[in-house]
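J.: Coordinates for the following, if possible.
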Amino acid sequence: MVTAPADALQPLIPAAQIFTQQLVQVGDFVAQQGTQVSFVANGIQFPTSQQASQYNALIGPLAAQHQAF
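T.: Just a heads-up that it's a prediction; the model follows:
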């Protein structure tokens, strides 16, 4: 039985779960904004600074979590 590939991936599973949960939270937040959100070039825009701050708080940890891979 070949287990080395699975064993090598085992330590990444918790980080992948956290990363996926964070992505879903960002997606849910953007979806909740409905037509208030707009996508411009390679960015996203919100009409209020509160929405932008909430988005930034959600998206910020993704970069650090991505480094776990």
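J.: avg pLDDT for the helix or strand hosting Leu62?
T.: Using DSSP states H and E, Leu62 falls within helix 49-67. Per-region confidence: helix 49-67 scores 89 on mean pLDDT.
J.: Would you indicate which residues of that helix are buried?
T.: Buried residues in helix 49-67, counting neighbours by 16 or more other C-beta atoms under 10 Å, are found at 51, 55, 58-59, 65. Using the backbone N, CA and C atoms, a C-beta is placed for each residue, glycine as well.
J.: and what of stretch 31-46?
T.: Buried positions in stretch 31-46, judged by neighbour count with 16+ other C-beta under 10 Å: 33, 37, 44, 46.
J.: averaged over its residues, what pLDDT does it have?
T.: Here the average pLDDT along stretch 31-46 is 94.
J.: what comes into contact with it?
T.: 30, 47, 51-52, 55 (C-beta atoms under 8 Å, 6 or more residues apart in numbering).
J.: and of the buried residues of helix 49-67, the nearest to Gln21?
T.: Gln21 lies nearest to Gln65 out of the buried residues of helix 49-67, by C-beta to C-beta, at 9.5 Å.
J.: ok so Phe39 is a helix residue?
T.: No - secondary structure of Phe39, determined by DSSP: H, G, I helix; E, B strand; the rest coil: strand, with no helix assignment.
J.: Now do the SS call for Val24.
T.: Secondary structure state of Val24, per three-state DSSP, is helix.
J.: tally of neighbours for it?
T.: Other residues within reach of Val24, judged by other C-beta atoms under 10 Å, total 10.
J.: ok so, going back, just the CA atoms of the helix holding Leu62, as PDB, please.
T.: Once side chains and other backbone atoms are set aside, the C-alpha atoms of helix 49-67 remain, and they are given as PDB (Å, rounded to 0.1, in the frame of the first residue of the first chain):
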ATOM      1  CA  SER A  49     -15.800  52.700   4.600                       C
ATOM      2  CA  GLN A  50     -17.500  50.400   7.100                       C
ATOM      3  CA  GLN A  51     -18.100  47.800   4.400                       C
ATOM      4  CA  ALA A  52     -14.500  48.200   3.200                       C
ATOM      5  CA  SER A  53     -13.200  47.800   6.700                       C
ATOM      6  CA  GLN A  54     -15.200  44.600   7.300                       C
ATOM      7  CA  TYR A  55     -14.000  43.200   4.000                       C
ATOM      8  CA  ASN A  56     -10.400  44.000   4.800                       C
ATOM      9  CA  ALA A  57     -10.800  42.400   8.200                       C
ATOM     10  CA  LEU A  58     -12.000  39.200   6.500                       C
ATOM     11  CA  ILE A  59      -9.500  39.200   3.600                       C
ATOM     12  CA  GLY A  60      -6.400  40.100   5.700                       C
ATOM     13  CA  PRO A  61      -5.800  36.800   7.400                       C
ATOM     14  CA  LEU A  62      -6.000  35.000   4.000                       C
ATOM     15  CA  ALA A  63      -2.500  36.000   3.000                       C
ATOM     16  CA  ALA A  64      -1.000  34.700   6.200                       C
ATOM     17  CA  GLN A  65      -3.000  31.500   5.900                       C
ATOM     18  CA  HIS A  66      -1.900  31.100   2.300                       C
ATOM     19  CA  GLN A  67       1.700  31.100   3.500                       C
END
